[in-house]
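>>> Structure for this input, please:
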Amino acid sequence: MKLGSFEWGIKTSGQLNSLDKLNLSLKALGLRLNRKFKKPAIVSEFDVSHIQLPDSKIVKETLEYINDVHQVPIKHHCLRTFLIGEYFGATEQLSFDKELYAISALLHDVGLEEQHCCMHEGIDCFAVEGAKVAGEFLRKFDFNEKKVAIVEDAISFHLNVNIDKPITEAYLLNKASATDTIGLYRYQIHDHTAQQIGDRYPRNGFNEEVHTLLKHQCRIRPKSRIAFLYSNGFGGMLKENRFEKKVLL
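Predicted coordinates:
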């Protein structure tokens, strides 16, 4: 049972224990040391204009669903997360299920919204609750259970500090959402590519909107991963992130 997985979230209610906090702290330290001492690679411009959502019924249904659930700032974040994940998948030459990744990216923040927040007994984390909501949504369309499990895990995992590459859809969602939210891997994206992404799906006050939603989560769920992340500088990184400009942490 891996920390951050949907199974972990259901069994623990999404609450961190002391060992979990130590695990996340060590991963965050390793990430910072790697950034500090590893020479940044030169990145090439990449045209994302050809990247489109998969043309499948379930993706269209999912897009319609988030149009109803999210206001524009969060909806555009989900769409930028899709684009950024596709970019990382292409530049890192990863093999992944594009439909499952698109669904995961589109649905990964549904647990933040009032109509889904705290609606499931025994869940104390918005990412785990969002994963459960996503699973319930997909099952309405008789979606394959193994595929449902991949989406549930990807959404539940996305609040971890990082994810191993073998869990490819979760790895891409974690990396892409962190890049759009706090600029964590922004240095791996060419400035022109970042501008292209921002022009396609403008931020529209996203940083301020998501900060309000996440601070609410910290208040009502003090033992969750997002509360732990905020206590370790997430809020400041979110405030400083201007995606169109490189952020070197």
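>>> contacts and neighbour counts: CA atoms only from here.
OK.
>>> Helix, strand, or coil at the residue sitting nearest the centre point of the chain?
Residue closest to the average C-alpha location in the chain (C-alpha atoms, centre = their mean): residue 177, at 3.6 Å. Classification of residue 177 by DSSP: H, G, I helix; E, B strand; the rest coil places it in helix.
>>> was I right about it contacting residue 83?
No: the criterion here is C-alpha atoms under 8 Å, and residue 177 misses it with residue 83 at 10.2 Å.
>>> Need the contact partners of the helix or strand of the chain with the lowest mean pLDDT.
Here the helix or strand of the chain ranked lowest by mean pLDDT, DSSP states H and E is helix 18-37, holding a mean of 86. Outside of helix 18-37, the residues that reach it under the criterion C-alpha atoms under 8 Å, 6 or more residues apart in numbering are 3, 160-162, 228, 249.
>>> Ok, stretch 232-249 next?
Against stretch 232-249 from outside (C-alpha under 8 Å, 6+ apart): 32, 35, 180-184, 186-187, 191, 194-195, 198, 207-208, 211.
>>> Write a ChimeraX command that selects only the buried members of the residues you listed.
Buried residues among these (16 or more other C-alpha atoms under 10 Å), as a ChimeraX selection:
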select :35,180,181,182,183,184,186,187,191,194,195,198,207,211
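>>> and of the contacts of stretch 232-249, the nearest to residue 156?
Comparing these against residue 156 with C-alpha to C-alpha picks out residue 181 as the nearest, at 16.5 Å.
>>> check contacts around the closest one.
Residues in contact with residue 181 (C-alpha under 8 Å, 6+ apart) are 207, 238, 241.
>>> which parts of the helix or strand hosting it are buried?
Counting by DSSP states H and E, the element that carries residue 181 is helix 168-182. The neighbour-count check on helix 168-182 (16+ other C-alpha under 10 Å) flags 168-182 as buried.
>>> Name the nearest of these relative to residue 101.
Set against residue 101, the nearest of the buried residues of helix 168-182 by C-alpha to C-alpha is residue 169 (5.4 Å).
>>> ok, so what distance separates that closest one from residue 239?
As defined by C-alpha to C-alpha, to the nearest Å, residue 169 lies at a distance of 27 Å from residue 239.
>>> What residues does residue 98 make contact with?
Contacts of residue 98 by C-alpha under 8 Å, 6+ apart are residue 54.
>>> What of residue 165?
Shown in contact with residue 165 (C-alpha under 8 Å, 6+ apart): residue 171.
>>> That one: what secondary structure?
On the basis of three-state DSSP, residue 165 is classed as coil.
>>> surely residue 168 meets residue 96?
Yes: using C-alpha under 8 Å, residue 168 is in contact with residue 96, at 6.1 Å.
>>> Low-confidence bits of the protein, can you list those?
The model of the chain has pLDDT under 70 over residues 36, 38-40, 245-249.
>>> Perfect, that will be all.
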